[in-house]
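1. Coordinates for the following, if possible.
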Amino acid sequence: MLDSPKTNNKFTKFFNRKSPAEKIIFIVEDNELYAKTLKTFLQNRFIDIKEIKIFSIGEMCITELHRKPGIVIMDYFLNAKYEEAQNGLEIIKQIKLLMPKTNIIVLSNQTNVSVILESIKQYDCLYVQKDEEAFDKVEKFIKDIFNRESSSDSEPWN
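-> Model (predicted):
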């Protein structure tokens, strides 16, 4: 029974999966204090994450995609500190072009409904409004992503 191709395939998939210790989260946020606070919050909630890396502009995130983050938490407004920086939606388009399976959580003060809908529908993103419950909502979305992908037969992390 162990020699059947179907059984071997399941074992191969199981052993080839990346462990939680290999998972990487990118935070793209130009507010340094907010980004560091979110990083600390996530490190305390997800001790099995290998790394949480902060980028103050999306362009730097794009240059590091070879590290294969499973989740990118993206602010929409990324030009408060650097006026020439691209906005979150432009960076999302590039990430999805380069790594379509990347899970993206848009964490923003964006109130323009059309921008929110475009990021959610067209680019398969999750959206969290920056408010007093934002970190808890991000935590829930990350747990949902982990649970969905751990029960999936496909490779969850790019």
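
2. Could I get the contacting residues of the residue positioned nearest the centre of the chain?
-> Ranked by distance to the mean C-alpha position of the chain (Cα atoms, centre = their mean), the top residue is I71 at 1.9 Å. Applying Cβ atoms under 8 Å, 6 or more residues apart in numbering to I71 gives the contacts 23, 25-26, 102-105, 142, 145. For glycine as for every other residue, the C-beta is placed from the backbone atoms N, C-alpha and C.

3. now E133
-> Counting by Cβ under 8 Å, 6+ apart, E133 has no contacts.

4. next one: phi and psi at it?
-> phi -100, psi 0 (degrees, to the nearest 10).

5. before we move on, which element is L97 in?
-> Following DSSP states H and E, one finds L97 within helix 88-98.

6. which other residues reach that helix?
-> For helix 88-98, contacts defined as Cβ under 8 Å, 6+ apart pick out 28, 58-59, 61-62, 65, 72, 74-78, 102, 104, 106, 108, 110, 115, 118-119, 123-125.
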